[in-house]
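In: okay, predicted coordinates and the sequence, questions at the end:
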Amino acid sequence: MQFPASEFSSILIAAIFVQNVVFVMLLCSNNFFKTAKSPATGLIYSACITVCVTFASAGAWLVNRYLLVPFGLKFLAPFAFVLVIALLEVVAELLLIRFAPALHRRLGRLLPATAFNCAVLGIVFYNIQTSPRGFFGAVFYGFCAGLGYILAFMITAAAMKKLEYSNPPTAFGGLPIALITAGIMSMAFMGFMNIQILY
């Protein structure tokens, strides 16, 4: 399938706003609030998510197109996609150890946590199984979905920073008020759901 350049903007808007991985698909909510407490670590984590989901989308598309579909093995897609993500994480670790040991030490446990994040697997499944965009379309959608994760993180981090200076009732302090805030932001993003973007 050909992928016209004119469709890039439609995929960009759809992946970031209409199908936002956090606020619309509700993936990765467990680690999301933990990283939002530390903006610097959270931004690095979000960047790792973006890189991971981009390469995982490429690998999963190739495996699906040239292995699963031709041999009638689509029922093995969950195992195949998890294996692709795990292999990419191992390769990334080895490359960082070899060429950027300081960066590897700084990232620490973020790489394994990123690779086995439900957002990565969820985006890969959605990307491969719902829209036949072709290879470049799948990779670009994965990248834009990662950008959507970064946007969601930045909005949530800013909201949680403001919550530090608020005075909610005791029962709503901490995580409950953060979840309520995220729910309100999710409703705002749900406003994009009826927008029909053809790509």
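Out: That came in fine, so what should we check first? Quantities reported herein were computed from a predicted structural model and do not represent experimental measurements. Residues are numbered from 1 along each chain as shown.
In: next SSE after the longest helix along the chain?
Out: Longest helix of the chain, by residue count under DSSP state H: helix 135-163. Moving toward the C-terminus from helix 135-163, the next helix or strand (DSSP states H and E) is helix 175-190.
In: by contact count, what packs against that following helix?
Out: When contacts are defined as 3 or more C-beta pairs under 8 Å, 6 or more residues apart in numbering; DSSP states H and E, helix 175-190 packs onto helix 29-36, helix 135-163. Glycine gets a C-beta too; all of them are placed from N, C-alpha and C.
In: what sits up against it?
Out: Here helix 175-190 makes contact (C-beta atoms under 8 Å, 6 or more residues apart in numbering) with 17, 20, 23-24, 26, 29, 33, 36, 152, 155-156, 159-160, 163, 166, 168, 172.
In: mind listing what's buried in it?
Out: In terms of neighbour count (16 or more other C-beta atoms under 10 Å), helix 175-190 has its buried residues at 177-178, 181-182, 185-186, 189.
In: farthest pair in those residues?
Out: For those, with distances taken as C-beta to C-beta, the pair at the greatest spread is 177 and 189 (18.9 Å).
In: where does pLDDT dip in the protein?
Out: 1-6, 29-31, 33-36, 131-132, 194-199 (pLDDT under 70).
In: tell me how far residue 54 lies from residue 114.
Out: 12 Å (C-beta to C-beta, to the nearest Å).
In: with neighbour numbers in mind, choose between these two.
Out: residue 114 (25 against 22; other C-beta atoms under 10 Å).
In: and the residue nearest to the more buried one when sequence neighbours are not counted, how far from residue 76?
Out: Among residues not flanking residue 114 along the chain, residue 48 sits closest, at 4.2 Å (C-beta to C-beta, 6 or more residues apart in numbering). Applying C-beta to C-beta, the value for residue 48 to residue 76 is 27 Å.
In: more neighbours: which of those two?
Out: The residue with more neighbours, out of residue 48 and residue 76, is residue 48; 20 against 14, by other C-beta under 10 Å.
In: nearest to residue 70 among the buried residues of helix 175-190?
Out: Nearest member of those to residue 70, counting by C-beta to C-beta, is residue 189, at 37.6 Å.
In: ok, now how distant is the residue lying closest to that closest one once chain neighbours are set aside from residue 98?
Out: With sequence-adjacent residues excluded and distances taken as C-beta to C-beta, 6+ apart, residue 189 is closest to residue 23, at 3.9 Å. Residue 23 is 37 Å from residue 98, where distance means C-beta to C-beta.
In: and for residue 147?
Out: 28 Å.
In: host element of residue 128?
Out: Here residue 128 is assigned to helix 118-130, by DSSP H and E.
In: who's in contact with that helix?
Out: 19, 21-22, 25, 27-28, 49, 52-53, 56-57, 60-61, 64, 77-78, 81-82, 84-85, 114, 138, 141-142, 145-146, 149.
In: cool, thanks, signing off.
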